[in-house]
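Q: my questions concern the predicted model and sequence given below.
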Amino acid sequence: IAERGDKVDLNNSSVRRFQGYPGMYPTLAGKIVLGGPYESVDDVLDLDLTDRQRELFNKYKDNFTVTPAEIALNEGFDRINDGQYR
């Protein structure tokens, strides 16, 4: 559910979904995951981001979408630490 077609759902994905976007993982991804829920992709720009983080987000923003937040995917800290370890 965290991927809608070829887009990452900002309201329902873990930080790991951002690994494919150089420079976003883990710091910017963490800010995005913790900053939601969002009504639109552009709502991310309302977060306290550095100029570089804004630049990165704008570079990749066509790869993201927003759907209603699913409580089952957003309880606890699963979106930050989804139990996958290296």
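A: Yep, that arrived. Numbers count the residues shown, from 1 in each chain.

Q: what are the boundaries of the strands in this structure?
A: With strands called from DSSP state E, the chain shows them at 3-4, 7-9, 64-65.

Q: low-scoring stretches of the protein, by residue?
A: Under the criterion pLDDT under 70, the flagged ranges of the chain are 1-4, 71-86.

Q: rerun that using 50 as the cut-off
A: Per-residue confidence for the chain (pLDDT under 50) gives these ranges: 1-3, 77, 85-86.

Q: would you map the helices across it?
A: The residue ranges that make up the helices of the chain, judged by DSSP state H, are 27-35, 51-60, 71-74.

Q: give me the contacts around the second one.
A: Going back to what we said before, that points to helix 51-60. Under the criterion C-beta atoms under 8 Å, 6 or more residues apart in numbering, residues Y21, G23, M24, T27, L28, K31, I32, V44, L45, L49 lie in contact with helix 51-60. No exception for glycine: its C-beta is placed from N, CA and C like everyone else's.

Q: the closest residue to the second one other than its chain neighbours and A69: what is the separation?
A: The reference is to G23. Leaving out its chain neighbours, the residue that sits closest to G23 by C-beta to C-beta, 6 or more residues apart in numbering is L56, at 4.7 Å. Counting by C-beta to C-beta, to the nearest Å, the gap from L56 to A69 is 23 Å.
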